[in-house]
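Participant: would you be able to build a 3D model of this:
(one chain, ligands or ions: 1)
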Amino acid sequence: MGQREHSRHEHVRVAVIGSGFGGLGAAVRLRREGITDFVVLERADSVGGTWRDNSYPGCACDVPSHLYSFSFAPNPDWPRTFSGQEHIRAYLEHVADTFRLRSHIRFNHEVLMMRWDRDELRWEIETSQGTLTADVVVSATGPLSDPKIPEIPGLAEFPGKVFHSSRWEHDYDLRGKRVAMIGTGASAIQIVPAIQPQAAKLTLFQRTPPWVLPRMDRQITGVERWLHRQLPFTGTARRGLLWGIRELQVSAFTKRPNELGLIEAMARANMAKSIKDPALRATLTPSYRIGCKRILLSSEYYPALAKTNVDVVASGLAEVRGSTLVAADGSETEADAIIFGTGFRVTDMPIADRVVGADGITLAESWKDGMQSLRGATAAGFPNWMTIIGPNTGLGNSSMILMIESQLNYMADYMRQLTVLGGRGALAARPSAVGAWNRRVQERMKRTVWQTGGCTSWYLDANGRNTTIWPGTTGEFRKATRAVDLAEYEVIRVPAKDVRPVVEAAEASEAAEVAR
Ligand code: NAP
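Facilitator: Numbering: from 1, shown residues only. As a prediction, the model looks like this:
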């Protein structure tokens, strides 16, 4: 049977969207919960999510390998303390094999639209290869999946090559070219040192300088790896230590940003080691508190900027006139290629346009004043729909895998609650619960460095609200997502035939008692 026929009129218990860390993690967790009636819909032809898409030269993770992996799938053989993209991608392929997930994954199935069917209490999902229905949707599309390229007048007429960091054109040879790198985020600072030796001239368009600390990357020795293989608790201990150090740092970000001054001194010293020209040093020194934007780790960035074939334009790219790039300060640069390291659509995730909830409006419409969810997972008006890495689940200083695993705990309990309800039931996040959760999050946000540090960043939405970062420790989030609190949900059941679904709010607490 062809895949197309296979997916037509199909009904599953759960449809997971995406096969990055979030989607694969959800698949593993569902199986562990005894749920095998699920599919993973993946628009590309392989797993890996952002670690598949981002293959730019120098692409690596700035979170240590032993922490940037699933706790339930430790890898004693990580070759370096900080993994390169190819190692993380291989790890995710390995997870897909080890946990026998492949039979669940539908590659080249892009989700085009999801609609909540109020009568049948299920999601109708239209994909690029047919339709299916699901009781529950777990959207694990991730915040770093859709590239953002700013609208630059004249860009369409640029005669040279143009691409985004996450859509690298590997066939394009940069040797001998005049290359313009746009942006100075986590991606750009990895790309610059990797391509500087090839480019005839590299011009970096820096709108805002980042704070950069050295990255203590080294090979993990054979002895360490042997130990982690033979005595798995040593790997667990290593992970625990890496986690604990980061947990201790959190309060400086969330409550006492002034304590971060010392880290600024370290970052300044890191720059001074390589940048001897005082004018360039001034250009590269940020004027906001460290941590306000993501702190970047690189030991190669500043040495690359000191090379004679590199120029830093301390201004954003404003216009393109033929092959001339005009910065906002009016300066002009000739280029053969433009590489955008300009980030992703994080606070306006495109998937939100493709979800139509119980009231007939899209998630994007529902979130027009900013993303809001209950415990980072569910949204008012969208029963039995949840996201992995939803609003306010991002981190400024630790591993996203920790947050993903917390969300998987929540998902697992959500599924248990549905099972307890029996038959065809759904949970709908109460608007009051969503409101209360967000007020709590935003109240805590007020003191954080992301709000008070004097910068703008992709953490903030168009209204200046931080709807991406979790303003606490990963431990606090783990606690908040350990179990579903049914008082925060309305319970909806399919009534006798031809009668509209009824909300059985009163039964919620009863069911909660049974479930616990
Ligand atoms: P980003 O952090 O959003 O950075 C985008 C950059 O583009 C910013 O420097 C921004 O300047 C600049 N920009 C936008 N429009 C511009 C213009 N017209 N002219 C000049 N510059 C312009 O994007 P990213 O570097 O791709 O990183 C996104 C996220 O991916 C990271 O924060 C991180 O979470 C993740 N990431 C992680 C790793 C890792 O090691 N784990 C590596 C890469 C990426 P402003 O600062 O002035 O806005």
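Participant: report the buried residues of stretch 225-236.
Facilitator: 225, 227-228, 235 (16 or more other CB atoms under 10 Å). Glycine gets a C-beta too; all of them are placed from N, C-alpha and C.
Participant: no, scratch that, I was asking about stretch 479-496
Facilitator: Applying 16+ other CB under 10 Å to stretch 479-496 flags 480-481, 483-486, 488-494 as buried.
Participant: so how far is that stretch off the chain centroid?
Facilitator: 26 Å (CA atoms, centre = their mean, to the nearest Å).
Participant: just use 280 as the starting number from now, easier for me
Facilitator: Got it, the first residue is 280 from now on, which makes the last one we talked about stretch 758-775.
Participant: pLDDT averaged over it - what is it?
Facilitator: Taken as a whole, stretch 758-775 has an average pLDDT of 91.
Participant: again, but for stretch 716-726
Facilitator: Mean predicted lDDT for stretch 716-726 stands at 97.
Participant: which parts of it are buried?
Facilitator: Within stretch 716-726, judged by 16+ other CB under 10 Å, the buried ones are 716-717, 720-721, 723-724.
Participant: what residues does the stretch 330-479 of the chain have near the ligand?
Facilitator: Counting by CB under 6 Å from any ligand atom, the residues of the stretch 330-479 of the chain close to the ligand are 339-342, 423, 429, 444, 461-467.
Participant: sorry, back to before: CSV for the buried residues of stretch 758-775, including distance to the ligand and secondary structure?
Facilitator: Below are those laid out as CSV (distance: CB to the nearest ligand atom, whole Å; DSSP: H, G, I helix; E, B strand; the rest coil):
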residue, distance to the ligand, secondary structure
759, 22, helix
760, 21, coil
762, 29, coil
763, 28, coil
764, 30, coil
765, 34, helix
767, 29, helix
768, 31, strand
769, 35, strand
770, 37, strand
771, 36, strand
772, 41, strand
773, 41, coil
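Participant: tabulate those (TSV), appending distance to residue 620.
Facilitator: Formatted as TSV, the buried residues of stretch 758-775 follow (distance: CB to CB, whole Å):
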residue	distance to residue 620
759	34
760	32
762	40
763	39
764	41
765	44
767	40
768	41
769	44
770	46
771	45
772	50
773	49
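Participant: state the pair within those residues that is farthest apart.
Facilitator: Based on CB to CB, the longest span within these runs between 759 and 773 and measures 30.5 Å.
Participant: I'd say residue 666 and residue 421 touch.
Facilitator: No: the criterion here is CB atoms under 8 Å, and residue 666 misses it with residue 421 at 9.4 Å.
Participant: neighbour count winner among those two?
Facilitator: residue 666 (30 against 25; other CB atoms under 10 Å).
Participant: can you pull the contacts of the more buried one?
Facilitator: If you count contacts by CB atoms under 8 Å, 6 or more residues apart in numbering, residue 666 has them with 417-420, 652, 655-656, 658.
Participant: what of residue 350?
Facilitator: 518, 680, 684.
Participant: closest to the ligand among the residues you listed?
Facilitator: Proximity of these to the ligand (CB to the nearest ligand atom) peaks at residue 680, which lies at 11.2 Å.
Participant: which secondary structure elements does the helix or strand where that closest one lies contact?
Facilitator: Residue 680 belongs to helix 679-700 when assigned by DSSP states H and E. Applying 3 or more CB pairs under 8 Å, 6 or more residues apart in numbering; DSSP states H and E, one finds that helix 679-700 contacts helix 300-311, strand 409-418, strand 664-666, strand 704-708, helix 753-759, helix 786-794.
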